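Trainee: got a predicted structure plus its sequence, pasted below:
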Amino acid sequence: MVLVTLIPALLVLVAGQPPALAPIVCTPSSVSLPGTPARASASPIEDAIVAAKPGQSILLDAGDYSALELGFQRQARLAGGSIGGQAGLPVIVEGRGQVRIRGQRGDAIAIHQDVRTAHILFRGLEIHPGTRAGVMFFRQPASRRHVGFHFEDCHILGQYSHLDDAGQRSKWGVWGHQLDDFRFIGMQMPARIQDIALEHAFYLQNPVGEMRIENVHGRRLGRTFLQVTARKRDGPLGVGDVIVRNCRVEDVGIARRDGFKGGSAFTITGRLTGTVFFEQNVFRAGFDPALRKLKRPGQPYGTGAFVAWMEPEAEGVQTKLLVLRDNDFRFAEHCGDRPVVSIGGCRDVRIVGTNHFASGGAQPALSLDPVDELGQLAARANGTVFVAPLTTIEGPISLRGQTPSEAQLRQLHGHP
């Protein structure tokens, strides 16, 4: 009998896995730690995460929860110096039924690093942005980063109607600075980010590790679906791959204060030293008749689908490698006011597989090395560019502001 009871314990020790921890259970007004009765809480999710150990689960009963903040100095004593899990052992925050985190003023979820906070997996949550963001990762000094924040099957649902100009005027879905191992993924279903009033679904600055956005449906956004920047004044060069896969995006850039011209759906602005990889994404603009009235008189509805360029402060640091594979970007007839896809400021561009770029009118379907009103390059010239012969382009092609010759097209296809 002694041997029988000791062997499982030995196996656990050899495998290096800690024993399973009983979950923490929350309701919208209480938190219950293992072995203790439930106690009232004004912010049960926040209290549970601060108390959780690496690998521990937090189960949320259905209902409406208050906004939460993590990583702020006031939590140092309660957290014992750190909040969250560790690599391979995240704290898991999981909804049981319909769980809504409601932001009011500010953010629904706000994360800082005054107290180290890392490796937290949010699963199955509905996040309602406050007046600022659904999820806010605060700006950090160079010595700090936000590590290991994953969102699975989470939805960020703004409460604003662009048609009626009414409701909560949220600014961002996710605003993030110096993210490392960030994931926002639809696992069992597409994750949704929609009805953001003023700006971007994802505004991600100066990444310091890999970022993945997969199987997300974004629609009715004030500005872009995704904008990735790495400005020198904001922090270090962008490090790590940016992977955007299997996302469907519709009707962006429709904020009134921008004159309904809030940028291209996917925007990359240079100083990114990893691979920027877009695969099997779909973009549509102008196919919803109700939304097409969101424009100024005499202007077309919509903007562009994809733009890569370099801001002046990029100081010549090009995006290292841009890959577009099997994407489908289309504008309805007479929609769009700029190229569907515009690419400049990249060292290596590979448009591979079976991409489909369709213009709604005279605007280029593909513009390489775009120029400004004076005919000057808008960004540093691209280096190597390859456009697969199977690419479908409906509309004009522009190369440095001109229609490319047959020889130039053959060179783009890899046939000098």
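Mentor: Arrived safely, thanks for sending. Numbers count the residues shown, from 1 in each chain.
Trainee: and for the host helix or strand of residue 59, what's in contact with it?
Mentor: Residue 59 is part of strand 57-66 when elements are defined by DSSP states H and E. Strand 57-66 is contacted from outside by 21, 23-28, 42-45, 48-49, 52, 91-102, 125, using C-beta atoms under 8 Å, 6 or more residues apart in numbering. (Each C-beta comes from the backbone N, C-alpha and C, glycine too.)
Trainee: dump it to PDB, restricted to CA.
Mentor: What follows is strand 57-66, C-alpha atoms only, in PDB (Å, rounded to 0.1, in the frame of the first residue of the first chain):
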ATOM      1  CA  SER A  57      -8.300  28.700 -13.100                       C
ATOM      2  CA  ILE A  58     -10.900  31.300 -12.300                       C
ATOM      3  CA  LEU A  59     -14.400  30.400 -13.200                       C
ATOM      4  CA  LEU A  60     -16.900  33.200 -13.800                       C
ATOM      5  CA  ASP A  61     -20.600  32.700 -13.300                       C
ATOM      6  CA  ALA A  62     -22.800  34.400 -15.900                       C
ATOM      7  CA  GLY A  63     -23.600  38.000 -15.400                       C
ATOM      8  CA  ASP A  64     -22.300  41.600 -15.700                       C
ATOM      9  CA  TYR A  65     -18.900  42.300 -14.100                       C
ATOM     10  CA  SER A  66     -17.300  45.600 -13.200                       C
END
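Trainee: each with direction, which strands does the next helix or strand along the chain from it pair with?
Mentor: Downstream of strand 57-66, the next assigned helix or strand under DSSP H and E is strand 68-70. Strand 68-70 has the following strand partners under DSSP bridges: strand 109-111 (parallel).
Trainee: re earlier: mind checking how far the strand holding residue 59 is from the chain centre?
Mentor: Relative to its parent chain, strand 57-66 has a centroid offset of 24 Å by C-alpha atoms, centre = their mean, to the nearest Å.
Trainee: going forward, count from 32.
Mentor: Let's use 32 as the start, then, which means that last one is strand 88-97.
Trainee: give me the mean pLDDT for that strand.
Mentor: Taken as a whole, strand 88-97 has a mean pLDDT of 98.
Trainee: mind listing what's buried in it?
Mentor: Using 16 or more other C-beta atoms under 10 Å as the test for burial, strand 88-97 gives 88-91, 96-97.
Trainee: for the stretch 82-231 of the chain, what spans make up the helices?
Mentor: Using DSSP state H, counting those that start in this stretch, the helices of the stretch 82-231 of the chain run over residues 107-110.
Trainee: so, low pLDDT: which residues of it?
Mentor: Across the stretch 82-231 of the chain, nothing is flagged by pLDDT under 70.
Trainee: for residue 76, helix, strand, or coil?
Mentor: helix (DSSP: H, G, I helix; E, B strand; the rest coil).
Trainee: if anything else comes up later, I'll come back, but that's it for now.
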